[in-house]
Structure formats: C-alpha cells, structure tokens
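# The sequence and its predicted three-dimensional model are supplied below.
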Amino acid sequence: MKFDILTLFPAMFGGPLTESIIKRGVERGLIDIRLHNIRDYAFDKHKVTDDAPYGGGSGMVMKPEPIAACLDQVRKDRPSAKVLLTTPQGMPLNQAMVRELAQEQELIIICGRYEGVDERVRELFVDKEISLGDFVLTGGELAAMAVVDAVARFVPGVLGSSASAETDSFADGLLEYPHYTRPPEFRGVKVPDQLLSGDHQAIARWRRQESLARTLRKRPDLLESAPLSDSDRKFLRELAGKE
C-alpha cells in the first residue's frame with residue numbers, strides 16, 4: 001500500500017509513522033509512505049503557500065499553485081492514485097470508509113491548513129474529503145495520520161494476526177467485546193467463567209452478547225444499521241427489558 005502525504009509540516013509525522021505497527025509494515029515493504037513538503041513547490045523566493053481570501057475575512061487560504069505543482073510531481077509515479085483532502089467539511093472517517101480506502105493500492109492525502117485550501121483544489125483534484133469528526137483541528141496532518149494508521153491495518157501482513165482487523169470495534173457494525181488476559185483474578189475482579197471454560201461456542205456466544213450489550217449501552221445509534229440476527233434482536237429485547 002502506497003501513501004503520499006502533501007503537507008506544510010512533514011516533521012509532524014516523525015513519531016506516529018515511524019513507530020510500532022506502521023514502522024514494521026514499512027520495514028517489511030508492505031507500506032510505502034512518502035512525505036512531500038508543499039512549501040518546496042512555492043514559486044516565490046519566500047516560499048509563500050497561503051494568501052488572504054478574496055472578499056475579505058479572517059485567516060489565510062492555502063494557494064492552489066504549490067499544491068497543484070506538488071500533486072503533479074507525485075502523480076508522475078502515482079497516476080491512478082485516489083486523492084483525499086483532510087478537512088472539517090469532509091465525511092467523518094468510519095470503519096466502512098476505511099475498508100473502502102483499503103481496496104486502493106495508492107492514496108494521495110492533501111493536508112488542509114488555515115482556513116482551508118483554495119476551492120479550485122477541491123474542484124480539480126480531490127476525489128474524497130475526509131474529516132475525523134465535527135470539530136476543528138489546527139491542520140489536517142493528524143487526520144492524515146489517522147487515515148494511514150486505520151487503512152494500514154487492512155494491508156495483509158501488517159498486523160500480527162490477520163483476524164485482528166476483522167474483530168476490531170465497528171468491524172461488524174458493533175463495539176468490540178471486552179478483553180481479558182492473565183492473571184485470572186486481579187484486585188478481586190475475576191475473568192468471566194465463559195472465557196476460562198474452553199467451550200468455543202460458549203465463548204463466541206458470550207463475546208457476541210457482550211458486544212451487543214456494550215453497543216446498546218455506549219453507542220445505541222450503531223444498532224440501527226448493524227447486521228443483527230434474530231437471536232441478537234431477542235437478546236437486545238431481553239436486555240432492554242431488564243433495564
């Protein structure tokens with residue numbers, strides 16, 4: 001999987017993309033991450049990449065020329081890559097979108113800054129706009145990191161277990177069930193008997209019900225679109241009746 005990130009602040013990516021799972025994915029040749037400094041493509045001697053908005057108003061707007069020049073250079077090696085823009089106006093990133101993006105072989109991510117990018121960047125180059133949620137960050141770099149991290153988990157071989165990404169929260173539309181490890185008892189709290197039973201069917205049933213219960217308690221909105229079986233619905237009705 002190839003990621004090209006266009007940013008004014010490439011140094012921000014040093015920690016998140018050079019440690020842990022992402023680092024191992026890069027070392028194994030499973031992920032290729034390239035950072036491109038938009039400022040390197042500014043045309044004037046002062047490397048100006050932003051300007052005041054036409055019509056007045058506060059803040060500055062990212063100029064289209066440096067972004068376009070940088071993108072043109074990147075596309076020489078990535079002609080078919082989908083172009084993403086990180087912006088508060090984008091669609092909120094969720095697991096379904098991550099799965100969709102993971103089907104791509106190449107992604108180019110433009111990190112928005114200041115009041116945003118010149119609208120012509122959107123019109124001419126961007127395939128999808130992505131947001132982390134209904135709040136504003138100082139720039140799109142953190143959102144770009146989140147996209148890379150989330151999508152990279154679906155690249156075969158990046159995670160230690162291929163099943164890990166498939167059982168994460170939101171993978172099946174629900175929050176993930178609780179996890180426990182040794183010791184079997186900690187400060188008076190015991191691991192549920194089902195997990196110690198060795199009965200795989202009982203474990204699977206417990207995990208499904210705990211996932212349903214946790215989703216009902218914390219994110220009931222997810223249940224409206226989650227794929228539920230008849231037994232799931234029956235369990236939720238019984239659970240709601242007890243509360």
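Structure's in. What do you need?

# which strands and helices sit next to the helix or strand harbouring Ser231?
Element membership for Ser231, per DSSP states H and E: helix 230-242. Here helix 230-242 touches helix 200-218, going by 3 or more C-beta pairs under 8 Å, 6 or more residues apart in numbering; DSSP states H and E. Where C-beta positions appear, they are placed from N, C-alpha and C, glycine not excepted.

# buried residues in the helix it packs on?
For helix 200-218, the neighbour count (16 or more other C-beta atoms under 10 Å) marks 203, 206-216 as buried.

# Just flag the most distant two among those residues.
Across those, the longest distance by C-beta to C-beta is 20.4 Å; it joins Ile203 and Leu216.

# how close does the residue most central in space within the chain get to Glu19?
For the chain, Val147 is the residue whose C-alpha lies nearest the centre (C-alpha atoms, centre = their mean; 3.5 Å). Separation of Val147 from Glu19 (C-beta to C-beta, to the nearest Å) stands at 17 Å.

# before we move on, what about Gly139?
For Gly139, the distance to Glu19 - C-beta to C-beta - is 21 Å.

# Checking Phe43 next. Helix, strand or coil?
coil (DSSP: H, G, I helix; E, B strand; the rest coil).

# residues in contact with the residue lying closest to it once chain neighbours are set aside?
Among residues not flanking Phe43 along the chain, Glu65 sits closest, at 6.3 Å (C-beta to C-beta, 6 or more residues apart in numbering). By C-beta atoms under 8 Å, 6 or more residues apart in numbering, the residues touching Glu65 are 41-43.

# Just the buried subset of those, please.
Looks like these have 41-42 buried, using 16+ other C-beta under 10 Å.

# where does the residue nearest to Phe43 land on pLDDT?
We note a pLDDT of 97 for Glu65 in this prediction.
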